[in-house]
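Engineer: output the structure for:
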Amino acid sequence: MKYIDFHCDTLGRVTPRTPADQPVPLRSNTLQVDAERLKASGCAAQFFAMFMSIQHEEDTLRRCLLMTDCFRTELDKCSDILAFAGNADDLDRNLAAGKTSAFLTIEDSGIIYGDLAMLRVLHRLGVRLITLTWNYDNEVGSPNLSPESTAKGLTENGIEFVRECNRLGVIVDVSHLSDGGFWDVVKYSDKPFVASHSDARAVASHTRNLTDEMIRALAEAGGVSGLNYCGGFVRPRGGDMYAPFESEQCTLEDLAAHAVHMAKVGGVGCVALGSDFDGIGSWPDGLDGADKVPLVADAFKRAGFTESEVDNIMFGNAYRVIRETMK
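Structural biologist: Coordinates of the predicted model:
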């Protein structure tokens, strides 16, 4: 069964840190994602995030451009398996050619300083999704880390940033964003948006997950949430959403419970995949790499989803968002 994954952090691990370093081959490596395992698992499209900490990277824009170059260079080396995609038509052509589509994304608009000109430049270089924040305040908004930051909305620049993403055909991503910022995206975005790698807060009380009200709003906007495989976000728990994890151990059944809950609240059409591979330290038992993603579909079937519903969660819902947002 083919699938689309809205988020992995593999590109940051592949890109060299210094000119003297060699890139980690994207074709085959010991990370959680490589071209060969994507092909073997039936992946139709993988979204590759350019991520770095804006508090610790000296020159974020330079690092972003280096990642963009590495992305293109490694795709050329894997051209028999992977191909760049910038919209649904590209994805369709790649599928017809038997190739996995590779979409380029940015995790944290602070990497490009929330600058609309830089947004346009990176769009021309192939970026098609931007996560508005990571774990620090930036020029666009605030993360969902504390009661104080949770309440903050988008900045005035952030509102314009969302509007420019809509105009360009760049998907707006609310994973990591404050609750206040989420509701501003609902208000100001006129295109479907996504939570590329977030789960359900009612199942696992954590700031990185979505409330039922958010899930409904996301669904009404035509968007999706990509289920994150991180054990701390998946393992069912109640209580204080800011509390540290007691355990990160979880199962495929725990992950499926998030899909069941989201489907009950917002409909099956709002559920997708966003593994967070190569950016997490724990995952459901057995789900340790891209080659194991078919196990997720099996878990959804055991949870009671029909074959067509599983196909939509794995592929169809994400495809629809790509078709409706990208140019």
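Engineer: contacting residues around the helix or strand Asp298 falls within?
Structural biologist: Applying DSSP states H and E as the criterion places Asp298 in helix 294-302. Residues from elsewhere that reach helix 294-302 (CB atoms under 8 Å, 6 or more residues apart in numbering): 1, 3, 41-42, 252-253, 255-256, 259, 273, 286-287, 307, 309-310, 313-314. Bear in mind the C-beta positions are built from the backbone N, C-alpha and C, glycine included.
Engineer: hey, where'd the helices end up in the chain?
Structural biologist: For the chain, applying DSSP state H gives helices covering 10-14, 35-41, 60-77, 88-96, 116-124, 147-150, 156-168, 179-188, 212-220, 231-234, 252-266, 294-302, 307-311, 317-325.
Engineer: quickly compare those helices and say which is most buried.
Structural biologist: Mean neighbour count (mean count of other CB atoms under 10 Å) peaks for helix 231-234 among the helices of the chain, with a mean of 26.
Engineer: in PDB, list the C-alpha atoms belonging to that helix.
Structural biologist: Output of helix 231-234 as PDB, limited to C-alpha atoms (Å, rounded to 0.1, in the frame of the first residue of the first chain):
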ATOM      1  CA  GLY A 231       6.700   7.500  22.000                       C
ATOM      2  CA  GLY A 232       6.200  10.500  24.300                       C
ATOM      3  CA  PHE A 233       3.500  11.900  22.100                       C
ATOM      4  CA  VAL A 234       1.900   8.500  21.300                       C
END
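Engineer: helices and strands around that helix, which ones?
Structural biologist: The contact analysis (3 or more CB pairs under 8 Å, 6 or more residues apart in numbering; DSSP states H and E) places helix 231-234 against helix 252-266.
Engineer: I'd like the distance from the helix it packs on to the chain centre, please.
Structural biologist: Helix 252-266 has its C-alpha centroid displaced from the chain centroid by 17 Å (CA atoms, centre = their mean, to the nearest Å).
Engineer: pLDDT at the closest residue to Gly158 other than its chain neighbours, what is it?
Structural biologist: Computed as CB to CB, 6 or more residues apart in numbering, the closest residue to Gly158 that is not its neighbour in sequence is Val140, at 3.7 Å. Per-residue pLDDT puts Val140 at 98.
Engineer: what do you get for Glu246?
Structural biologist: The model reports Glu246 with a pLDDT of 80.
Engineer: surely it touches Pro236?
Structural biologist: No - in this structure, Glu246 is not within contact of Pro236 by CB atoms under 8 Å, at 11.4 Å.
Engineer: CA atoms of the lowest-mean-pLDDT helix or strand in the chain as CSV?
Structural biologist: Here the helix or strand of the chain ranked lowest by mean pLDDT, DSSP states H and E is helix 147-150, holding a mean of 94. The C-alpha trace of helix 147-150 is given here as CSV (Å, rounded to 0.1, in the frame of the first residue of the first chain):
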residue,chain,number,x,y,z
PRO,A,147,1.2,28.3,29.7
GLU,A,148,2.7,31.7,28.8
SER,A,149,3.8,30.7,25.2
THR,A,150,0.7,28.6,24.6
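Engineer: list of residues touching that helix?
Structural biologist: For helix 147-150, the external contacting residues (CB under 8 Å, 6+ apart) are 137, 142-144, 178-180, 207, 242.
Engineer: just the buried subset of those residues, written out for ChimeraX, thanks.
Structural biologist: Of the contacts of helix 147-150, the buried ones go into a single ChimeraX selection, burial set by 16 or more other CB atoms under 10 Å:
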select :137,142,143,144,178,179,180,207
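Engineer: turn the contacts of helix 147-150 into CSV, columns for distance to Phe193.
Structural biologist: Converted to CSV, the contacts of helix 147-150 look like this (distance: CB to CB, whole Å):
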residue, distance to Phe193
Asp137, 20
Ser142, 17
Pro143, 17
Asn144, 16
Ser178, 15
Asp179, 15
Gly180, 15
Thr207, 19
Tyr242, 25
